[in-house]
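Peer 1: Sequence first, predicted coordinates after that:
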Amino acid sequence: MSKSTNKVKLYLAIAAISLIQGLQIGMSPVIGAISEHYTYVDVSLVQMLITIPAFVSVFSSILVGVLVLKVSKKHLLLFSCALAAVAGLLPIAVDNFYLLFAMRAVYGISLGFSTALNTAVVSEFFEGDERVTAMGFQAATVGAGMMILSAVTGWLGKANFVHSYYVNIAALVSFILILFCLPDTGKAVESESEKVSLNKKVIPVYCFVFLEFFFLITFSTNIAMHIGGVLAGNSSVSGVLTSVYAGSQIIVGLILGQITKLTKRLVLPTAMMCFAIGAVLLVAFPDNYMMLIIAALFCGFSQGIYCPSGFVEVSNAVPPVAVALASAGFNAAACAGQTLSPSLTNLMSKAFFGSATTEGVFLISAVGMCITSAIYCVFKLKSK
């Protein structure tokens, strides 16, 4: 088998893993419809259908950092795909919010596994500039997965939100691709010089990624309920906006190398400012379709730049055998931010504006991200 054929298969495997990650916000377009159907459930709990997988993945991603010493990455990823399919399709059979919530939590195990292992796979098979390119492709395929899955979710759920659950068949597609395209390199092995451990270099990265995703996730948890005017309540519109948000990550993922060369050490603060711009536009133009699309683009740019750049930073800070654990820590910090965001941003909106409104949440997120970006710039310029 030629080297180019191997690369093609590796890229297909990376895309398959990214598809599992894309299922996290695939439900975003129908959050409004779910909230209207389950009227007895608090809106913050409904929003947690997006974030509860992130909370569970905090623990599962850390667990997988240890499991790679006992089970191969390929077998862990196949288990992840199978679990995501079962958790996503089971709620079709029973109309019960708490079953749906529980299955979203189970999906969080798959999310944690796939997020941590995607970076580990890239780090294992690519080095140097090829690694940056591969991470850019990984970010682009996460964005593509989110875009496609969100659009399909919005289309399927237009008549009945339950139909949107069929989007989880994508997990079975990922299973087949990983089965045939990803080489099985066995379990990771420690040596005297390379231990599965972290160092102080990763701590600042974890702190800032927590804040990045604390504010960033407000787009996914609030966009379906934020749309105003004649656009309000249309799941296909929110599906388009979520797809644009995801699709913009494809653009920046494919040109990540050029973006990194241009922004250099300030690539991560730049990603944060992209979201701040998008959030301001969301507040200013809640009923303007074109401006909402532009806002979604900027919000997507933030995630599309931040995730691969941050993963490259932590993977370069530790020995190869510890990349899965370092990536798990990155994912855990990001997911902790996502998990805490809905309740805390709603509380802050009540404190500052008198009620928990989407406008208040987006404004708080914009200001918070601006401040965080400025602090990160100072840190980056002062650090060696």
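Peer 2: Sure thing, it's come through.

Peer 1: in stretch 377-384, what's buried?
Peer 2: Residues of stretch 377-384 classed as buried: 377, 380 (neighbour count, 16 or more other CB atoms under 10 Å). C-betas here are computed from N, CA, C, even on glycine.

Peer 1: residue boundaries of the helices in the stretch 151-300 of the chain?
Peer 2: 170-181, 202-216, 218-226, 235-254, 256-263, 267-284, 289-317 (DSSP state H, counting those that start in this stretch).

Peer 1: what pLDDT, on average, does the helix or strand encompassing A116 get?
Peer 2: With elements taken from DSSP states H and E, the one containing A116 is helix 97-125. Mean per-residue pLDDT for helix 97-125: 90.

Peer 1: helices and strands around it, which ones?
Peer 2: Helix 97-125 sits against helix 3-22, helix 43-67, helix 73-89, helix 128-156, helix 289-317, helix 323-353, with contacts defined as 3 or more CB pairs under 8 Å, 6 or more residues apart in numbering; DSSP states H and E.

Peer 1: Of all these, which one comes closest to F101?
Peer 2: Closest to F101 of those is helix 43-67 (CB to CB; 6.5 Å).

Peer 1: And that closest one, how far out from the chain middle?
Peer 2: 11 Å (CA atoms, centre = their mean, to the nearest Å).

Peer 1: avg pLDDT for it?
Peer 2: Mean predicted lDDT for helix 43-67 stands at 85.

Peer 1: Tabulate the helices of the stretch 151-300 of the chain (JSON lines), appending distance to F137.
Peer 2: Putting those into JSON lines (distance: least, CB to CB, whole Å) gives the following:
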{"stretch": "helix 170-181", "distance to F137": "14"}
{"stretch": "helix 202-216", "distance to F137": "20"}
{"stretch": "helix 218-226", "distance to F137": "23"}
{"stretch": "helix 235-254", "distance to F137": "6"}
{"stretch": "helix 256-263", "distance to F137": "9"}
{"stretch": "helix 267-284", "distance to F137": "17"}
{"stretch": "helix 289-317", "distance to F137": "9"}
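
Peer 1: Mind pulling up the pLDDT for S365?
Peer 2: The model reports S365 with a pLDDT of 96.

Peer 1: What is the neighbour count of it?
Peer 2: Neighbour count of S365, defined by other CB atoms under 10 Å: 29.

Peer 1: looking at it, it is touching T345, isn't it?
Peer 2: Yes. S365 lies in contact with T345 (CB atoms under 8 Å); the separation is 6.6 Å.

Peer 1: Next, show the common contact partners of these two.
Peer 2: Common neighbours of S365 and T345 (criterion: CB atoms under 8 Å, 6 or more residues apart in numbering): T218.

Peer 1: got the angle for the helix holding A116 vs helix 128-156?
Peer 2: 160 degrees (axes from the mean of the first three to the mean of the last three CA atoms, to 10 degrees).

Peer 1: Helix 97-125 versus helix 73-89: what angle between them?
Peer 2: 160 degrees.

Peer 1: Show me which positions of helix 97-125 end up buried.
Peer 2: For helix 97-125, by 16+ other CB under 10 Å, it's 97, 100-101, 103-125.

Peer 1: related to what we said a few turns ago, as CSV, the helices and strands packed on helix 97-125 with distance to N168 would be great.
Peer 2: Formatted as CSV, the helices and strands packed on helix 97-125 follow (distance: least, CB to CB, whole Å):
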stretch, distance to N168
helix 3-22, 10
helix 43-67, 12
helix 73-89, 3
helix 128-156, 9
helix 289-317, 22
helix 323-353, 20
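
Peer 1: so which of the ones you listed gets nearest L282?
Peer 2: Here helix 289-317 is closest among the helices and strands packed on helix 97-125 (CB to CB), at 4.6 Å.

Peer 1: Just give the number of residues close to A295.
Peer 2: Number of residues near A295 (other CB under 10 Å) recorded here: 29.

Peer 1: wait, it sits on L281?
Peer 2: Yes. In this structure, A295 is within contact of L281 by CB under 8 Å, at 3.7 Å.

Peer 1: so what sits against both of these two?
Peer 2: The overlap between the contact sets of A295 and L281 (CB under 8 Å, 6+ apart) is empty.

Peer 1: which stretch in the helices and strands packed on helix 97-125 is the model least sure about?
Peer 2: Among the helices and strands packed on helix 97-125, helix 128-156 has the lowest mean pLDDT, at a mean of 80.

Peer 1: For that helix, name the packing helices and strands.
Peer 2: If you count contacts as 3+ CB pairs under 8 Å, 6+ apart, helix 128-156 packs onto helix 3-22, helix 97-125, helix 235-254, helix 256-263, helix 289-317.

Peer 1: mind putting those helices in CSV, distance to G143 included?
Peer 2: Listed next are those as CSV, based on distance: least, CB to CB, whole Å:
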stretch, distance to G143
helix 3-22, 8
helix 97-125, 13
helix 235-254, 3
helix 256-263, 11
helix 289-317, 6
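
Peer 1: Of all these, which one is nearest T185?
Peer 2: For the helices and strands packed on helix 128-156, proximity to T185 was assessed by CB to CB; helix 97-125 is nearest, at 6.7 Å.

Peer 1: Let me know the angle separating the closest one from helix 3-22.
Peer 2: 150 degrees.

Peer 1: what's the span of stretch 255-273 from first residue to last?
Peer 2: 18 Å (CA to CA, to the nearest Å).

Peer 1: Going by neighbour count, which residues of it are buried?
Peer 2: By neighbour count with 16+ other CB under 10 Å, stretch 255-273 contains the buried residues 256, 259-260, 266-273.
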